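Peer 1: Generate coordinates for the sequence data below:
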Amino acid sequence: MERQSRAAGGPYQLLVIPLLAEGGRRDHVDRVLLVDVPEAVQVERLMRRDGVSREQAAASLGAQATRAARLAIADDVLANTGRAEDLDEQVAALHARYLGLAAAGCAAPRP
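Peer 2: Residues are numbered from 1 along each chain as shown. Next up, the predicted model:
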């Protein structure tokens with residue numbers, strides 16, 4: 001992943017690391033972005049996507065880091081609970097922030 005990131009170019013890269021909160025190495029990244037939804041929404045979306053029962057969806061999510069643990073390591077959070085347009089606006093604002101951080105040559109301190 002690091003090699004691909006270096007070769008990708010551009011002002012910044014986003015690395016998708018689903019298990020970062022479960023023990024991934026944060027020392028390889030400057031910032032952690034979390035796309036967040038309440039746990040009830042996670043369950044509903046998982047049931048719809050995979051066609052599983054509520055119990056199966058809850059068990060799958062129970063095997064992962066908690067929402068609180070993911071939020072604890074996040075530098076930036078996108079709330080994915082509303083309309084797609086709302087998320088688009090958040091992404092555009094975050095992109096502008098990341099471009100500014102990249103231009104300044106820093107990752108910026110954690111909030």
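
Peer 1: what about the helices in this structure?
Peer 2: When assigned using DSSP state H, the helices of the chain occupy the ranges 2-8, 39-50, 54-62, 67-73, 84-104.

Peer 1: weakest of those helices by average pLDDT?
Peer 2: For the helices of the chain, the bottom mean pLDDT is recorded on helix 2-8, which sits at a mean of 84.

Peer 1: avg pLDDT for stretch 9-17?
Peer 2: According to the model, stretch 9-17 has a mean pLDDT of 89.

Peer 1: Out of the helices of the chain, flag the one nearest residue 16.
Peer 2: helix 2-8 (11.5 Å; CB to CB). Every residue, glycine included, has its C-beta placed from N, CA and C.

Peer 1: Can you pull up the most central residue in this structure?
Peer 2: Centroid-nearest residue in the chain, with CA atoms, centre = their mean: residue 34, separated by 2.6 Å.

Peer 1: Excluding covalently adjacent residues, which one is nearest to that residue?
Peer 2: If you skip the residues right next to it in sequence, residue 34 has residue 74 as its closest partner in space, 3.8 Å away by CB to CB, 6 or more residues apart in numbering.

Peer 1: Ok, residue 87 next?
Peer 2: Spatial nearest neighbour of residue 87, excluding adjacent residues (CB to CB, 6+ apart): residue 80 at 5.6 Å.

Peer 1: and that neighbour, how many residues sit next to it?
Peer 2: Burial of residue 80 is recorded as 15 neighbouring residues (other CB atoms under 10 Å).

Peer 1: What confidence value was assigned to it?
Peer 2: At residue 80 the predicted local distance difference test score is 93.

Peer 1: I'd like to know how far it sits from residue 60.
Peer 2: For residue 80, the distance to residue 60 (CB to CB, to the nearest Å) stands at 18 Å.
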